[in-house]
Every structure is written in structure tokens, then in C-alpha cells.
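Student: need a structure here:
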Amino acid sequence: MVFVVIGLLGLIVGSFLNCLAWRICNNESFIRGRSKCPRCGQVLKWFELIPVLSFIIQKARCRHCREKISWQYPIVEITMALLFLLILLKSSNVQYLIFNIFVICVLAVIFLTDLNFGVISDWVVWPSALIIFICQLLLGLSWWRLVLAVAISGSFFGLQYVVSRGRWIGAGDIGLGFLMGAILDWPGILVALVFAYIGGAIVGLVLILLKKKTLGSAVPFGIFLTPATFIALVWGDKIVVWYQALIK
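Tutor: Numbering: from 1, shown residues only. The predicted model follows:
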């Protein structure tokens, strides 16, 4: 029953995060107002908002304007359900489960806003970084490891921004760097940075080979930093141990 409840919660939260990311980037309140079709603006009924199921029943089309509904919606909902279940297996107690679910939700919103709009919202990053930093201290994490990770990650992106005058990365990536440090502490932040840059390089090379991008094309880096942060959050300790054993 626990797995069923957490899985259903993941589906519901995934549906909410899809809406939240859209509203943030369109300067709409996520507290007030009902969900509506982004194409025709029609307010949606409750039975049109059932995660995955409504998408299937409506055959991926709006009931009102018949425009296609993006596959992003069910993909995000299913992905969040799977991630919630994975976190359930990896969390040692209820406190860590709640904390990790919050972290995943923050990372998912950042991923979606950067993917769809090329935006990393300060209203998401900075308050979340502060909340997560405080939660980490309350959960017993060493303060110096947190401070070290935040300083390294934030400075790393800040230096790139200054040197390139904003051409290499955006200002939002600096805030995301601080957030990553608060989530991962030391040395987990190094794992995330390595995976993010390797992933970015591979995807960038593939896009260039497919002639979808050029060497000078901008690619939203948040879509690599957020998955890398999740990987480091779940498997970072094992990766560090494996690497230490490899170099001995």
C-alpha cells in the first residue's frame, strides 16, 4: 500500500509541477485560478485533469479546441511517480523521504522551466536553496561540508559568468549552483558537476552531428545540472567510493 500511495502521489505531483512550471514562466499565480488549456484558454473540468488517464481517454487532444496535448504531461507524471518510488527505496526514514521528495520537486520545476522557456526562476532557486540548507542542518549534516559545497559550486558558476560576461552560462545557473551545493554537500557536488558536463558534452555533440545545433548555439544547461544533481543525490556516495577504489 505504501508503494501504491507514493506512486499515486508522484503522478499527482507530476501533474501539478507541469502546471506550476508553466504558470511561473507566464507570470501567473500558482495559488489562485483553475487549470486551463494553454491553447484555447478553456477552464478544465476535474475529469480532464486526472494524471495520464485523461490524456489517454481524450486521445491526447483538448476536449474543447481539439488541439494536441503535449506528451510532456504524461511523461512528467509517470517519471515523477517512478522517482518517488525510487526515493522511497533510498530514504532511511520518513524525514529523509519528505526532504528528498521536496528536492525532486524543486529540481523538476527547474528542469521544466529551463527546457521549455530557457528560464531558471530566482523565485524557485533561492528560497529553495535556503530551505534545503536549513533542512540539511536539522537533519544533522555537517555545516562545514555544506558551506564548502555551496561555496565551490556557486563560485564555479559565478566565475564562468563573470569571465564570459554571461555568454557561457546564465545568471540563473549561479543560483542553481548554490542550490546544488545545499542539496549535495561535499564531495557529492563534484559528482554532479562531472555528470552534468559529460552529459552536456555528449548531447551537444549529438545535436551538432545531427545539425540541430552549431558550436555557437545556446543550450539550456539546467536540463543537465538537474538530472546530474539527482544522480549524485541517490548514488553519489557509491560513485565516490567506486572512484576512490579505482585510483588506488
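Student: centroid residue for this protein?
Tutor: Using C-alpha atoms, centre = their mean, the residue of the chain that lies closest to the mean C-alpha position is Leu107, 2.3 Å off.
Student: For that one, list the residues it contacts.
Tutor: Contacts here follow C-beta atoms under 8 Å, 6 or more residues apart in numbering; on that basis Leu107 touches 226-227, 229-230. C-betas here are computed from N, CA, C, even on glycine.
Student: if we go to 6 Å?
Tutor: Taking C-beta atoms under 6 Å, 6 or more residues apart in numbering as the criterion, Leu107 is in contact with 226, 229-230.
Student: next one: Ala149
Tutor: Taking C-beta under 6 Å, 6+ apart as the criterion, Ala149 is in contact with 181, 184-186, 189.
Student: and of those, the nearest to Gln95?
Tutor: Distances from Gln95 to these, taken as C-beta to C-beta, are shortest for Asp185 (16.4 Å).
Student: any idea how far the closest one lies from Leu139?
Tutor: In this structure, Asp185 and Leu139 are 11 Å apart, going by C-beta to C-beta, to the nearest Å.
Student: between the two, who's got more neighbours?
Tutor: Neighbour count, other C-beta atoms under 10 Å: between Asp185 and Leu139, Asp185 has more, with 22 against 11.
Student: Please report how far the more buried one lies from Glu77.
Tutor: 30 Å.
Student: which residues does the residue lying closest to Gly200 once chain neighbours are set aside contact?
Tutor: Residue nearest to Gly200 in three dimensions, not counting chain neighbours: Phe224, with 4.3 Å by C-beta to C-beta, 6 or more residues apart in numbering. By C-beta under 6 Å, 6+ apart, the contact set of Phe224 is 196, 199-200.
Student: which SS class is Phe224?
Tutor: Assigned with DSSP: H, G, I helix; E, B strand; the rest coil, Phe224 falls in the helix class.
Student: so where do the helices sit in this protein?
Tutor: 2-25, 53-57, 72-90, 94-117, 122-138, 143-164, 171-209, 222-247 (DSSP state H).
Student: how about these, which one is nearest Lys36?
Tutor: Of all the helices of the chain, helix 2-25 comes closest under C-beta to C-beta, at 9.6 Å.
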